[in-house]
Structure formats: structure tokens, C-alpha cells
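In: Need the 3D shape of this:
(chains A, B, C and D)
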Protein chains: 4
Amino acid sequence: MSNFAHPDFSEPRFASAPEATFVRAPADGVLPENFFSTTNLPTYVKVGGGWKMPREPRMDATLVLDSAGEVWAREGRRVKGGDLVAVGQQEDGSEGIFVYANAFVGEAAEGEFKFMTSEVSREKPIDYGLMARILINERDRGGYPIWVTGPALVHSRARADMVWFIRNGFVGALLAGNAVAVHDIEASIFGTTLGMSGSGEATTGGHGLHMRAINKVRAAGSIKAAVEQGIITDGIMHACVQSNVPFVLCGSIRDDGPLPEVHTDVLAAQDAMRQQAIRATMAILIATALHAIATGNMLPAFVQEPDGSLRELPTICVDSSEFVVSKLKDRGTHQAFGVVTNAQDFMHILRLYVERELDARGADVREGRVTAVAR
Amino acid sequence: MSNFAHPDFSEPRFASAPEATFVRAPADGVLPENFFSTTNLPTYVKVGGGWKMPREPRMDATLVLDSAGEVWAREGRRVKGGDLVAVGQQEDGSEGIFVYANAFVGEAAEGEFKFMTSEVSREKPIDYGLMARILINERDRGGYPIWVTGPALVHSRARADMVWFIRNGFVGALLAGNAVAVHDIEASIFGTTLGMSGSGEATTGGHGLHMRAINKVRAAGSIKAAVEQGIITDGIMHACVQSNVPFVLCGSIRDDGPLPEVHTDVLAAQDAMRQQAIRATMAILIATALHAIATGNMLPAFVQEPDGSLRELPTICVDSSEFVVSKLKDRGTHQAFGVVTNAQDFMHILRLYVERELDARGADVREGRVTAVAR
Amino acid sequence: MSNFAHPDFSEPRFASAPEATFVRAPADGVLPENFFSTTNLPTYVKVGGGWKMPREPRMDATLVLDSAGEVWAREGRRVKGGDLVAVGQQEDGSEGIFVYANAFVGEAAEGEFKFMTSEVSREKPIDYGLMARILINERDRGGYPIWVTGPALVHSRARADMVWFIRNGFVGALLAGNAVAVHDIEASIFGTTLGMSGSGEATTGGHGLHMRAINKVRAAGSIKAAVEQGIITDGIMHACVQSNVPFVLCGSIRDDGPLPEVHTDVLAAQDAMRQQAIRATMAILIATALHAIATGNMLPAFVQEPDGSLRELPTICVDSSEFVVSKLKDRGTHQAFGVVTNAQDFMHILRLYVERELDARGADVREGRVTAVAR
Amino acid sequence: MSNFAHPDFSEPRFASAPEATFVRAPADGVLPENFFSTTNLPTYVKVGGGWKMPREPRMDATLVLDSAGEVWAREGRRVKGGDLVAVGQQEDGSEGIFVYANAFVGEAAEGEFKFMTSEVSREKPIDYGLMARILINERDRGGYPIWVTGPALVHSRARADMVWFIRNGFVGALLAGNAVAVHDIEASIFGTTLGMSGSGEATTGGHGLHMRAINKVRAAGSIKAAVEQGIITDGIMHACVQSNVPFVLCGSIRDDGPLPEVHTDVLAAQDAMRQQAIRATMAILIATALHAIATGNMLPAFVQEPDGSLRELPTICVDSSEFVVSKLKDRGTHQAFGVVTNAQDFMHILRLYVERELDARGADVREGRVTAVAR
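Out: Residues are numbered from 1 along each chain as shown, chains lettered A, B, ... in the order given. Next up, the predicted model:
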């Protein structure tokens, strides 16, 4: 995980650069021609004589100057007619906006003959020890790791491990779709997921069990109520409710039900996700292309520390195929580190390494853990 | 494509079966305990002394008896408090509901040693000739083939082929997400998709082009307006607008923009998709897990002809990996025929075979084509 | 793991069946027309009035009657001109040969609507506990588990786990290619695999390290000599040499070097593999399509116990993609159980579960383990 | 396809460089310590005061100086005790050997934010037109395209297209394994591949048909004889025999049979492949990891024209998954261009584009084609 220093804005190219230009949006949700389109990299905007970083940075947004002189990264759909929107397409500062592309991207590759140069491959080693240390450090310094998961996590019975991470303070927020919660709740009530038994057998009549699970929660009024009424007695959603870990369930056209807490409007869902993404100091994306890319789009590639310094935002993407990780990178989340494996196995080994690391660090740290759980 | 005869309801087991039982729903969107959960197979409900097939059949729904004595397959969320909902879990008729599981599923496998028995494999031959004939037949008898596509279709430049199918009357409706339309419109306006040139190169500044394309359409007010104003001059959406082919764009949390016509509420999106699915006589699902499974959930496995007879609903699922096809089947769309290939290549060859078949059938048929285009 | 009883040969269809017919092979390695081609299922041949099972059963072989009246499954290339070869294509006993296809294949599927019916999927749970128990049982009753591995095992640093299995008596024999040994030895000598560091970085000059490792072993004369001379100081090959676990390294056209022990003639390699396959009571196939299918072809689907009873031969196939497992089944190894995951993670968790199970079984068993190691 | 100029050896760093050092090999197949290990990039060795390119370049070889002062790239196993072998590990000329790494590798990537930067993806467009033009150009200027294929090509019935390429002069040599020929010949004799019918159905008794096909060829004595005797009447091997296109069938441990022409010793097989690779001016690698990597290892990344100039060796790698292409690149064949699609579809579209291009070029070219066929 690399840290980096801000650019030296006393350099002539920065000192002589013009102020950024802002133009009023012609209508709600419509941007001026030639608007500046953001990336997830550290960005600096020259306003009022100085270089400011936009607040709530993300890619695919526009830059809005508010009346207090603050610059915000904001989705185009949220811009109001008359808002001041940055224009220009140069990222080198020559139009008053500088994208610090080399902050983390690393040195350019030399033209040397090497083996094993692919970025993402099942043949690359997976450093669970490092991931465990980062995760514990994030928890212990009050960071906010967000977990974004697909239904395979529940399907393949990594539920117990996910519950363990939730109960032990490693999950800032859980971002998922309706299906994760449905499978998890079916498992709690009926012991199956999509009617498949714990040993992987399709069961007679099992095709309706997820619908029955949904119906019970709808009758209770909410997942939270179903937990409190003893309908849901274990699992991921149960742990989130009990440990007060916020969850965002985003709707999709594939949803059965849906469950009551699901945001069926995707823009509301995006806004709810973004509230979590803004706080994120680490992201763990497991077995979901849709939610992983959605989250990647909302995340900056970096975390700004309270002292103003920046570091790369640790982003782990787990999938059974190289394709999903490559796709995430192709959509701009270049900082993602890919782990090509089965979700169930990933969860199991990561937990094992976290437990070992906690043991190695000794009792004081574990008390810290208790505190974290209590928060 | 197999046809099948209805069961012989004069058989004693049917004649002696009880009527189906209906119980009132306790509240809006909440079903009675023990509700019957539907499949996509031909289903018969004993009401008023006879066996009726539910209208608008689909899986994961409930069966509602209306005041006119008609039975409907209806999503749980659409059931109103007080509606009469079928209960029971037996599918063999013994509780008044019969699921005709063997209608299409075929003979049970014998215990014989064979090679090459997997259902879905890149090593299986792809019969483009058969698919072409089915597609032409559907068009020419007034069928309604729905096409459900992921963005890879546009990304990899099968746009021209998709346009050809639209213009020549082979597309009843297009079901897709925001991204398909965004990539297609970026290609029309800027000649790129996600900033990638037609030869596959990432371009400088290209990362913002999809946002600029979206902004132009938002400024115009709608895709239709953007076509009419000459902003969008070619491509898939242009062809849909010009040929009056209905399209349903379903929102997701990953969406940039979104474009104006996108249904941002996923339940509204489902309802819009379902209006198309109800009419479908064929389904072609290309390079999308999310939309393919969503559509599969809404489709019966069969088509009922005007004369009451039934036939299997031709369902083709195209993806680069066996996994998506297997997942679709694992979610119950057993009738899907899998084609494991690249979306671009699939489109190109299917078009070629359709053109050849049309040539072989001669001029009269092609006039039929012109008529179809004109509709 | 199912056991099964032999067929009841007093049944009329068996009692009235003719003797099998044998015809002389016309030349070395050439079979008579209409020769019987074997499967991996339990097979019975009527000779001398009784039903005999062929010795050394495997698929894709022929059946040879020797002068002592014994029947052998034998590869066509090993048949000599004049050998008596069984003819006939019926597998139902009507020509004197009965293939007991239903012994393990299970009941035919009913025509019922179910979810999650695919045979191989990353979404299926993986029962590591069961695999651990089977493996321990095999070891403790003197079974002979063969491990067949691809280079990903070494590449991704599951080396330490593989060494643990070797040292603790769980590996009857190791079957692999030149590359497994090359990567393993490069890791021992240089700390890299194909020049990739333990943290996954390509190193300068690293592309030549595997060639340097090979050269050192060729200079020493053999892997065994290189271990004894202290050139190879740890890893998989080192453990095999030290623990007297036989290894078979089969050559391929992709081989660098090759290492001295490699069988460069593939027929000699097959014969060496088959000597191990004949003894196998369990097979674990990891991250290799070529060697897994080669081994599957040589294995019966069953183990015959000393008392004559039969049980299914536990066959585990691990790969990152469903495709390899499906391909193995498509080539006839229907008994294979697929685990879709990363090889490194599989090894790590399997070892963990074996250790836990050994702990649960207590000290006596572990002494059994020591004995096993000492063998 | 880029051309490149040789380095300017009058530059001081080259002029002042020492001569390369050669040390005698200590024994047959054993290299001196610190031997130079080759890459597939243009390489220059300073001997006799000038810079020479090694003959028969390939990666993973050593450089041998013969008595005539010529330098050869040679596999270590082929080096004789006493041969003069280049030593040194520097590739910058400072030890008398210069690897021209930037010849083709292209400019180092800048640190700019871009989408779609992955090297290999199913989402990248496939330029069949360009591939068709390259292939025709190679044929028409007397180039030597080698085709390296896996059995999926036959399995999925691209046989007819492959035959077309062979008959029309586009195939310099065919490199494959036993299975390609076995499937092809089974298809000719029985109309199945591994017992699978042309429409993808497993057939009763089909599991033995490949063995019967092999037996017929073994009885005939050779594939060539089987063609001449009318046993094999169509297909790939038939076309190779009739059109005098050389084929190399390399043995593997998975082989059934094998067929008579198969090189069962993998070193002999490598030598036979290499005779073809040395002549190659283009390589098309389809649906095979093993043979593709083997061939990639033997090929330089460039072609030297008769006038001494160099150009990149067009290398196309086709597979259903990104993994195989990435693996090929990870083993050093960086020049490979990946096409992620089904082998059957690739063949069909490539042929279509070649036919169209030939039509566009008109009659004279087609006469050229006839000549090519006649060769």
C-alpha cells in the first residue's frame, strides 16, 4: 500500500496555470457542453488562487463549485439547473484541473522480456497474510471496510465466516443485492439455498422455499422485525441486525420478492451505496460483477487521512474467473487487487489468517476487537 | 422443438382429484401460508370441475383466482389483501394442481456409459442453421421473438448485425440495461465504446465519452428525441426508434446517467419486461447473466398456440462461458439451449445463416420480410 | 461413497447368456473387427461357464483371454498378434459380456422441476470435512491415494501443503509432468517460479531461472542425486525422494529440459502411470486437464476390496473452471466429484481439515500416522 | 504489424562492448554455469568484431558458436560436451549480447486514466478483416503459416472450414496431437466425434467408436495408407495427405492408440515441430494450451525477411477463455494477439472474410490461389 505526497504546486506549470472555468448547468440533470468528467485519481482544481481537492471524489462525475467556494464531485443527475459546473477536458492542469495520474499508477513498464507479467491470473500467489494484516489494521484504527458480495457467498456456505467477520468488527457496511439476503434467510429458515441442501443436492419442492422465506419476511414487515420476532435466527442478515452493521440492499430486475428493505429504485440505491462508499477506507468485493463495478465507480482510488496525506484505498476483488477482475479494471478501478478463487474458500482462509494474526498480536488487540464489536 | 399433448384428464387420478384450494391473502403483497409456488412448466388447476391453465404463466409466482373464475400466475408483490391465492405444495394433482413436468423434460437418462453427456459445453456443435430456420419461422408466422442483450454486444461491435435483425423484422422487442444503450449511443456520436476505438485501443480522454453521450441525450429529453433531432444517427437504439421496435431499458445500480427512458424502479422495470415476456414466442439471451435470468424467470417454458396446443418456447442463451448457461438452468430455465461463444461472432454467423436461408427460400419470403419491416 | 453388490448371475438372462467370443488379433497392436471396447464400469465376462471380472480394468481397452483362462483389460497397442481378443458390442450380457452400468450411476432423474441441478458449479458447497475423512481412512487402511497435479500447484505456492501431505503418508504416488518438478526445483534453488517472486512479481532476468534449475539437475544426473547432493533442499520432489513416495513425471511437447527422470516416450509414460493407477484406491486430480483425463482413462470407476466386494473409487477433480471437470466427465470419468476453486486454496483448506480431523480422532490415530510415514 | 530497423551498432555503447564469452559445455546436454538463456526477441551477439543474430532463434535456448563462426540458438539437451556456449546474463550488450527488447514491445504506458486497458478480453473487437488480409498476404508471397490446433476444432465441426484452408493453400503445416487426428478420422468413418453425433447427442455404443477408428488406421499401417485405401474419405487429415501439407502429430500421455504417424517420443516430437517453427512466417493457435505454448516457446517473435529486415511474426491465439491467451503471454509469447471465442465460430468467420477479400481482390489473385494449391 503506497502513500504519496501531493504535487509541488509551486512548480511553474502549476503556478502559471489558469483558474478552472465553471459554467452554469442549463437544466436539472443536464451538464454544460465540455464539462469535466472525473476519474478516481487524486484531482486538484484551481479556485481562488489555490489548488483544492474535490470533496466526495469518484469517477464519472462532474465538479460543482458551491457558494462557499468548495468543489464537489457530483453525479450529473444530481446537478441542478444553474449549478456551476467545471468545464475543460485537459487533465494536466493547463485548464485549471490536474489529475495526479502517477500518484499510484506506478512506474511505466520497461521494455524487458519477462515471464508472468499478466496482472490478473489464477497462477499468481494470494497473500492472505497481507490481506489479514490490512483488514485488522483498518478495524483497529477505526477504518471503514465495506464488503460487497454476490449470492455465491451464501450459496456456497461461507455464511458462518461472513457472520464471524461481522460480529468481530471487520465489516463497516455490507452492500449487496436482494438475492444475498434471500438466500441467507432461506438458509436460516429452511436450511437450504434455492432449495439446494447443505450437501449440494436439489430437493423436492425446494424451488419454492426462497419464495416462502421472502413471504415470511414481508409478513413480518422487515428483516429487522423478522430477526426480532425470531423468524430469522442466524446468518448474515441476523448478524448485521444484531451488531448494528448497516446494510444496503440494492434492487435488480432479477429480484424475487423483494424483501422489504430493498431499495427498488436504483438511483435511491446508488445514493444509499454512495453514503457508505464515501466513508470507505477499504473495499472487499466478492463474487459479484454488477455490485463490484458499481462500487468501484463510486470509490476514489485513495483515502485521505485526517492529516491530509493520501494512501491507496485497498481494494480486493475476489472471483472465480479472471474476467470479472479484468472487467473491473477496464472500468477504471485500476487499484483493485484480484484474487481468482472460490468465494467460499476465500472467506475461510482469510478468516483463518485473521485469527492467526490476532493470536500473534496477543490479548490487548483482542480487547480492541471487543470494543470494535460493541461500537 | 417438441410439441406436446395435454394430459388425459379423464384418467382416474385426475378425475378423482379434489378441486384446488384458495385462501385469501392476509395483506397486500403478503401470501397465505402454504401458498402454491409456480414453475415455468405447463400447469393445470382444478376449478369449477375442470382443469384450467393459469394465464400469464411464469415461475416463482402464485396462482390467483379472479371473480370471473380465471386463474392467473401473479407475482406475490402484486397480490392484494383479500385476493384468493391457491395453496398446497403437491404438484401431482392430488391437491388440485398438476404440474406437467414430463411435458418437455424428456426421458430420464438410462444408466449407460457414454461420452459427451454434459449439457452445456464449448465442445458441443452449434446448429446455426436450425436457429436461423426457427427465427425466420417465428417472424413469418407473426411470432414475437424477444432479444435480451448485455453490453458486450455493442462493445464488441455486433451493432451492425443487431441493427440488421431489427430492420428486417426479427426483433419483437429488445430488453436490455442502460449500458447497452449508452455504449450504442457513444458509438454513434463518438465512434467509441467506453472510450475504446473500433480497433480495440483505449483512447486519451476516452473515459469521459460515455458521460458526454448520456448528457446529450438527457439534454434532448429522450432517446427518441435524440434520434429525431439527428444527435443519434445510427445503431441499435436508432433502429428500434425508426422501426418502432419496443425496447425496455432496465435500471441497475451500475448505471451512469441514466438515459431518460431507463426504468429506474426495478419493479416498474420488471412490469415492463413482463409485458414483453407475456407475448414472447422465442427468446434470445446474449451475453448477460442478470437480464437472462430475469427474463427466464418471467417466461413459461412453452408457448400456447391459438388452437390451444403447446410447444416448447425456443430459448437460446449465448455466453462466453458455460457458467452463465448453467446458472440460467440452475435457476429453472431448463429449456434454454446454450451456445458458448463470443457475442460478436454469434451475431455475425446467425445473420449469415438467416440470409442464406432467406435466399434459399426465395423471393416471396423476402417480400414477407419487407412487410414485416414495414409493420 | 456407495458400495454395491455383484449382479445376481443366477437370473435367467445371465444363466442363458452365451459365452463371450474371442478372436485372434491379426497383428501386433491391431485388433479384430468388432472388438469389445471397455468402459470404467464393473464388467463381467462369461468364460468357462462363469462370469469373471477382467483384471486391471480401465476404459478404452480391449479384453484379452490368456492361456490360464484369465481375462485382462489391455490397451490395443499392447495386444500381440494371435492374442485372443473379445468381440461384440452389446453390454447387456447377450453376447457374454455384461457392463454393470447402474452399479454406481444412480437412479435416473425424475421429470421434476428443481433448481440447482447442474452437476458441476462453483455455486455448489465443497465438503472439505468429507474429503478429509476419506483421505485419512484411505491412508489408515493401507489404501493408495494417487495425486495428479498440474504446475499451478507449485506456481501458486501450495508447495508447503503438498509437502505436508507427502510427509504424513497421504500420497501413494505423485503423477505429474516435467513442469511441476521444474517449478518446484526452481523454487527450491532460486525462490521463484518462472521467475515470479513469492509475492507474484516478475523479476529481471527471471525468465532464465527455470533453465538454470534444470541444468543443475541435469549436471547432477537425476532429481534424486540433486536431493542427495544438497542442490535441492526442500519442496515436493525433495519430499518424495526423502519419503520414498514414487513419482512419475510424464513428458510433453511443452517441456523445457527435460529433467532426467522424465519419461520422454509417452507410451512408456503411460505404462508407468498405469502401474500406479492399477494400485489406486483414491484419486486427487488438481489443476491439470491433460493429466487428469489421462489418469481418468486408466482408472476403473471402482475399487475391488480384498473380500471381492466393490465400492466407488473416490475421485476428486479440482480446477478453477467448471470446464475441466465437465470435460473429464465427458471423457467418461463420471464418478469424478468436481471442486471448482483455486489449487492453492484447495490444498490449504484440505490440509486444515485433515489436521482437525486427526486432532479429533486423537493420539492413537496420530501414531497410526507416524507408522504410515515410516512405511 | 510493425517492422523495425536494426540497432545502430556504431553507437558508443555497442562499439565499446566486449565480445561475447563462450565456454565449453561440460557434458552432453549439460551447460556451463552462467550460460546465456535466450528470449524470443531479436538478439545480437558480438563475435569476430561484429554483431550477429543467432540462427534458428527461439526462447529458452542457449547460444552455441560453431566452428564456422556462426551462432545458433540451441536447446540445452541438444548441446554436446565441448560445444562453445555463450555465458553471461546481461541483455544490454555489456557482456557482448544485446536483446533488442524495445523492437516490438512498444512504448511504455503512460500514467493516464483510461478505460478498457486490459490486453486480452472477450469485450475487445476482433478484426477478422485484418487477419484475413494478413493470411492471404502470407500465402501469396510464399510465406509459411503454421496452424496449431486442439481437438475442439474437430469436435465442434469446424472440420469443413479447416479443410477449405488446407485445400486453398493457407496452411504451411499443421501441428496437433493424436486427438485431433483421431476425432477427425472418427468423423470420417463413423460420422461422430467421441461418439457424439453431429447434432451434439451422445450415442449408444459411441464410446468405442474412436477406438474402432484408430484400429482401422493401425491395420492400414498409416494415415496416409488409410487415405489411399479409401478408409478415410474426407476431413482434415485426408486434405493434408491429398494436398501434401505436412502435419506433425505429437504424442501425449492422454493418447488413445496412438495413430501410426504420432511421434510418441516428445523430444522427437519437439524436433519435428521445430522444423516447422523455423520456417514459420505466421502462427495460428486454436483451442489448445499445451500445443500453443509449446509452439510459442519455439518461435521467435519476429520474421527475418530475405533482405535482412525484420517484422513482427503475426501470432493469433484463439481460445474460449482469456486464461489461455494470458498464459501464453505469461510464458513469453508477448506478441500473441488473443481472440476470445469458440473455435468453430472463429474458423467460420475467418474463412468468410478470406473469401470476401479474395473476391474483392479479383480474378488474378484467385489464380494465384490456384497456383498455391498446386504447389
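In: Okay, now the unreliable bits of the stretch 151-300 of chain A?
Out: Low-confidence segments of the stretch 151-300 of chain A (pLDDT under 70): none present.
In: Now do the helices in it.
Out: Using DSSP state H, counting those that start in this stretch, the helices of the stretch 151-300 of chain A run over A:152-155, A:159-167, A:178-190, A:209-220, A:223-228, A:236-242, A:266-279, A:289-298.
In: Hey, what's the angle from the last one to helix B:289-298? Just curious.
Out: With axes from the mean of the first three to the mean of the last three Cα atoms, to 10 degrees applied, the angle from helix A:289-298 to helix B:289-298 works out at 140 degrees.
In: Which secondary structure elements does whatever helix or strand comes next after helix A:289-298 sit against?
Out: Next in sequence after helix A:289-298, counting helices and strands by DSSP states H and E, comes strand A:302-304. Counting contacts by 3 or more Cβ pairs under 8 Å, 6 or more residues apart in numbering or on different chains; DSSP states H and E, strand A:302-304 packs against strand A:310-312. Quick note: C-beta positions are derived from backbone N, CA and C, even for glycine.
In: How about the residues of the stretch 201-350 of chain A by chain C?
Out: A:202-204, A:206-207, A:320-321, A:340-346, A:348-349 (Cβ under 8 Å from any Cβ of the partner chain).
In: contact partners of the top helix by length along chain A?
Out: The single longest helix within chain A, with elements called by DSSP state H, is helix A:343-361. Defining contact as Cβ atoms under 8 Å, 6 or more residues apart in numbering or on different chains, one finds that helix A:343-361 is touched by A:128-129, A:131-133, A:135-136, A:149-150, A:152-153, A:156-158, A:161-162, A:164-165, A:170, A:286-287, A:318, A:320, A:339, A:365-366, A:369, C:122, C:125-126, C:341-342, C:345-346, C:348-349, C:352.
In: burial measure for the nearest residue to residue A:345 once chain neighbours are set aside, as a count.
Out: Closest residue to residue A:345 apart from its sequence neighbours, by Cβ to Cβ, 6 or more residues apart in numbering or on different chains: residue C:345 at 4.0 Å. Residues near residue C:345, counting by other Cβ atoms under 10 Å in any protein chain shown, number 26.
In: got it, and residue A:242?
Out: For residue A:242, the neighbour count with other Cβ under 10 Å is 14.
In: Equivalent analysis for residue A:266, please.
Out: Counted with other Cβ under 10 Å, residue A:266 comes out at 28.
In: Equivalent analysis for the one 5 residues further on, please.
Out: Residue crowding around residue A:271 was assessed by other Cβ under 10 Å; the count is 14.
In: again, but for residue A:134
Out: The number of residues packed near residue A:134 is 18, by other Cβ under 10 Å.
In: For it, which non-adjacent residue is spatially closest?
Out: That would be residue A:314: by Cβ to Cβ, 6+ apart, it lies 5.2 Å from residue A:134.
In: Please list all residues in contact with that neighbour.
Out: Residue A:314 sits next to A:1, A:134, A:138, A:282, A:283, A:337 when contact means Cβ under 8 Å, 6+ apart.
In: beta partners of the last one?
Out: What it means is residue A:337. Beta-bridge pairing of residue A:337 under DSSP bridges involves residue A:316.
In: can I assume it is in contact with residue A:317?
Out: Yes: using Cβ atoms under 8 Å, residue A:337 makes contact with residue A:317 at a distance of 7.0 Å.
In: These two: which has the busier surroundings?
Out: Each of residue A:337 and residue A:317 has its neighbours counted (other Cβ under 10 Å); residue A:317 has more, 30 against 19.
In: Surely the more buried one is in contact with residue A:334?
Out: No: contact status for residue A:317 versus residue A:334: not in contact, 11.4 Å apart, counting by Cβ under 8 Å.
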